Every structure is written in structure tokens, then in C-alpha cells.
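Peer 1: missing the sequence, but the structure's below:
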């Protein structure tokens, strides 16, 4: 029996008008193969389109996932930058609030010896505009921008914190600088050379004398700690206050003390009372200032009388 591929069929076509007929021989196998091919083409095209669509969707999903991760990363980076900016704003506000010093304290502080003022100096790290522009010239991605801004803000924050530390030390020095009159009275003797009131011999007077009523209040002229309070030869009852930064004040000839050794005092606190103890001709306050162990004229630092 012949196979399906070898079987043939003859098809006769007759023209009814003329009666002329034509024959065509058809190979069954090849005809079926041709039909199968024609029917399979649309199917194959559809499958190809489907596979291409699936691949495209997968690619889009992958891209979307990548973008989502990048967006999350940039969102986190932006959050960090916002936090840094808020922190910087807080430091700037604090510096603005602390920028002004009491005029008398600021003036007196400027009269202190350089060796004393240097103890309150410092320095902070800064970043210049030129550095930022130079770095921006080589940026290749948004991530680089975030990193640059993060670094710049971080260094600026460090610089501002350094400035804040300097401001705090300047405030501390201002608070430690004697700048007010220690007693209400009149100046009876200046700093420098003068005839001794008892012997008449010319000598150096290490302080100023403020005459006042016996028992009048004596106040600390700056913040500090009482170093000593007791009787001391010619000084009589002597109070010594250590203000830090190498600055000390002495209050002599006191009638009595209002504070004890080791006590913390603030500018304006009562520390004793005018007296006439020790080597003196009458009630007055002997007021002396030392800066880094050297005597200085108290009048250089005193502001207006209280």
C-alpha cells in the first residue's frame, strides 16, 4: 500500500461553456504539509510575540525594581541631608543667640594681656567655596552630588561646632574678666607709684584703693572660685578669687567675709565687707588684679560705677 506521501489525486476542471476540461495532479502529502505550514505560521508568530512581550515585561520589572531601590537610596540620602541642615540651623541659631557679650565685659576682655586671651582661642574645620566648585566639576552621577553635599555639610557642621566652642570659651573668659567696681565709694589711691600713706616713702602700689563706709558690701567683679579667705599680714583680712584663665582678684582690709574658701561666686555676689584691718589708715578696699601672675591696673578693666 503506497504511503500518504506518494498518493496522488487528479482534479478535473471543466469549463461548462466550452466543455474544455483541465486536469491537475495533487500530491496528498505535500498538500497536507503546505496546509500545516500555512496554519502554523500565525501560531508561531503569536508565540514569538508572546515570548517577546514576556521578556519585555521582565525587563521593565527589573528596571522598575532598580529604580525603586535607587529612589529609596536617594530618599534616605535626602533625609540625612535634611537632618544635617536642621542640625546646622540649630547651631547657627545658638551662635546668633550667644553672639553678643555684655559691653563692659567685652571692653574689659579686650584689655586683658594677650597671653590670657590666647587661652580662650580655638579653631574649627571649614570648607571653602572653591573646594566645592572643584569637586562639582568631576561629578558623574546624582550619587556623587549627594556624597559631595553630605561631606560639605558634615565639614561645615564641624566648623560651626568649633566656632560654638570658641564662642563658649569667649563667654567663659568674659564672665571671668573683672569688669565692675567691687564696692561703692570713691577712688582714694591709684595703681602705680605713690608716696606711702604711713611712711611717706615712694613705692609701687599694686592695687587701687576705694574708700567707703565701714561694713559696706564688697562684691566679686567676675565669676570664679574663692581661693582663700583669711588674715594675711599687711592685707589684713584678704579674699582671693580665682577666675580661671590665669586671672585672680584680691580684696584686702576687709572687716569680714561673706564666703568661704572653695565657694563658687558670680559677678556681683557679695563676698565681704569694707574694713580697716591690716596696714591701713582707715576703712577702704584694697582691690588688686593679677593676670597670669602679673599685676595690671584695675582701672583698665573697670566699667561704669554701679
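Peer 2: Received the coordinates, thanks. Nothing here was measured: the structure is a model prediction, and the numbers come from that model.

Peer 1: point me to the helix or strand that includes residue 112.
Peer 2: Element membership for residue 112, per DSSP states H and E: none, as it lies in no helix or strand.

Peer 1: begin at 49 from here
Peer 2: New numbering, starting at 49: the last item is residue 160.

Peer 1: how many neighbours does it have?
Peer 2: Neighbours of residue 160 under the rule other C-beta atoms under 10 Å: 25. Glycine gets a C-beta too; all of them are placed from N, C-alpha and C.

Peer 1: that one touches residue 338, doesn't it?
Peer 2: No: at 11.5 Å, residue 160 does not count as touching residue 338 under the criterion of C-beta atoms under 8 Å.

Peer 1: next, show the common contact partners of those two.
Peer 2: residue 295 (C-beta atoms under 8 Å, 6 or more residues apart in numbering).

Peer 1: and for residue 312, nearest residue in space, chain neighbours not counted?
Peer 2: Nearest residue to residue 312 in three dimensions, chain neighbours excluded: residue 273, at 5.6 Å (C-beta to C-beta, 6 or more residues apart in numbering).

Peer 1: which stretches in this protein count as strands?
Peer 2: 56-62, 69-75, 234-237, 240-243, 250-253, 256-259, 265-267, 272-279, 285-292, 295-305, 312-313, 318-322, 332-339, 342-344 (DSSP state E).

Peer 1: same for the fourth one, what does it pack against?
Peer 2: Other elements packing on strand 240-243 under the criterion 3 or more C-beta pairs under 8 Å, 6 or more residues apart in numbering; DSSP states H and E are strand 250-253.

Peer 1: next: the last one.
Peer 2: Judged by 3+ C-beta pairs under 8 Å, 6+ apart, strand 342-344 is in contact with strand 332-339.

Peer 1: what does the strand it packs on contact?
Peer 2: 160-161, 163-164, 226, 230-231, 233, 236, 254-260, 266, 269, 283, 294-302, 322, 324, 328, 343-346, 349.

Peer 1: rounded mean pLDDT for that strand, please.
Peer 2: On average, the pLDDT along strand 332-339 is 95.

Peer 1: measure how that strand sits relative to strand 295-305, angle-wise.
Peer 2: For strand 332-339 against strand 295-305, the angle between stretch directions is 160 degrees (axes from the mean of the first three to the mean of the last three C-alpha atoms, to 10 degrees).

Peer 1: strand 332-339 vs strand 318-322, what angle?
Peer 2: Using the same axes, to 10 degrees: strand 332-339 against strand 318-322 is 130 degrees.

Peer 1: list the buried residues of strand 332-339.
Peer 2: 332, 333, 334, 335, 336, 337, 338, 339 (16 or more other C-beta atoms under 10 Å).

Peer 1: which one among the residues you listed gets closest to residue 306?
Peer 2: Using C-beta to C-beta, residue 333 comes nearest to residue 306 of the buried residues of strand 332-339, at 13.4 Å.

Peer 1: buried subset of the contacts of strand 332-339?
Peer 2: Buried among these by 16+ other C-beta under 10 Å: 160, 164, 226, 230-231, 233, 254-260, 266, 269, 283, 294-302, 322, 328, 343-344, 346, 349.

Peer 1: could you dump the strands of the chain into TSV and include distance to residue 213?
Peer 2: Output for the strands of the chain, formatted as TSV (distance: least, C-beta to C-beta, whole Å):
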stretch	distance to residue 213
strand 56-62	106
strand 69-75	101
strand 234-237	39
strand 240-243	38
strand 250-253	39
strand 256-259	35
strand 265-267	30
strand 272-279	21
strand 285-292	16
strand 295-305	20
strand 312-313	22
strand 318-322	30
strand 332-339	23
strand 342-344	27
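
Peer 1: quick check: which of those strands is nearest to residue 219?
Peer 2: That would be strand 285-292 among the strands of the chain, by C-beta to C-beta, at 12.3 Å.

Peer 1: so what are the sheet partners of that closest one and their directions?
Peer 2: Strand 285-292 has these partner strands in its sheet, going by DSSP bridges: strand 272-279 (antiparallel), strand 295-305 (antiparallel).

Peer 1: need the pLDDT of residue 175.
Peer 2: 48.

Peer 1: what is the burial count for residue 305?
Peer 2: Neighbours around residue 305, by other C-beta under 10 Å: 20.

Peer 1: state the distance from it to residue 284.
Peer 2: From residue 305 across to residue 284, the span is 12 Å (C-beta to C-beta, to the nearest Å).
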